[in-house]
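K.L.:
No letters, just coordinates:
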């Protein structure tokens with residue numbers, strides 16, 4: 001029932017709907033819908049609000065899984081989402097607020113490296129990107 005009420009609000013005003021969605025107790029499937037919709041509807045600055053509404057409910061592992069799946073068809077959107085990950089990790093109110101395991105950090109670095117290889121800059125700071133690139137190369141042979 002909540003999904004029927006809240007998700008359509010995204011059509012009217014995402015700025016109002018996203019804080020409500022973040023605090024609601026929707027199903028995991030509903031939060032996946034919101035995250036995937038962010039990769040279609042959100043712009044470079046608002047995508048962080050869309051992700052903030054879903055991360056605590058899905059967790060970073062699922063968010064990165066979705067981003068990896070969507071990378072082939074929406075590389076620019078995925079790059080925009082990845083750009084905001086460090087900032088979102090600093091939010092104290094998210095339940096899964098940090099990339100606390102090496103595996104999550106590795107996944108983030110690998111996704112950033114893949115985006116850069118596709119021509120989408122996620123990390124404009126060259127020194128920080130070099131650290132990310134080195135970690136991505138150490139943690140996978142697929143890159």
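P.N.:
Sure, I can see it. Predicted, not measured: the structure shown is a model, and the values here were computed from it. Numbers count the residues shown, from 1 in each chain.

K.L.:
Secondary structure element for the residue nearest in space to the middle of the chain, which one?
P.N.:
The residue lying closest to the centre of the chain (CA atoms, centre = their mean) is residue 81, at 4.7 Å. According to DSSP states H and E, residue 81 maps onto helix 75-83.

K.L.:
State the number of residues packed around residue 36.
P.N.:
Look at residue 36: counted by other CB atoms under 10 Å, it has 16 neighbours. Glycine gets a C-beta too; all of them are placed from N, C-alpha and C.

K.L.:
Hmm, residue 87 and residue 52 touching each other?
P.N.:
No - in this structure, residue 52 is not within contact of residue 87 by CB atoms under 8 Å, at 9.3 Å.

K.L.:
higher neighbour count, these two?
P.N.:
A count of neighbours by other CB under 10 Å puts residue 52 above the other of residue 52 and residue 87, at 18 against 11.

K.L.:
Reduced to three states, what does the closest residue in space to residue 34 that isn't next to it in sequence come out as?
P.N.:
By the measure of CB to CB, 6 or more residues apart in numbering, the closest residue to residue 34 outside its immediate chain neighbours is residue 54, 5.3 Å from it. Three-state call for residue 54 (DSSP: H, G, I helix; E, B strand; the rest coil): helix.

K.L.:
Tell me which other helices or strands the helix holding residue 81 touches.
P.N.:
Using 3 or more CB pairs under 8 Å, 6 or more residues apart in numbering; DSSP states H and E, the elements in contact with helix 75-83 are helix 28-41, helix 47-58, helix 60-70, helix 102-117.

K.L.:
any chance of those helices in a markdown table, with mean pLDDT and distance to residue 22 too?
P.N.:
Putting the helices and strands packed on helix 75-83 into a markdown table (pLDDT from 0 to 100; distance: least, CB to CB, whole Å) gives the following:
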| stretch | mean pLDDT | distance to residue 22 |
| --- | --- | --- |
| helix 28-41 | 93 | 9 |
| helix 47-58 | 92 | 4 |
| helix 60-70 | 95 | 14 |
| helix 102-117 | 92 | 21 |
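
K.L.:
Right, I'll call it a day here.
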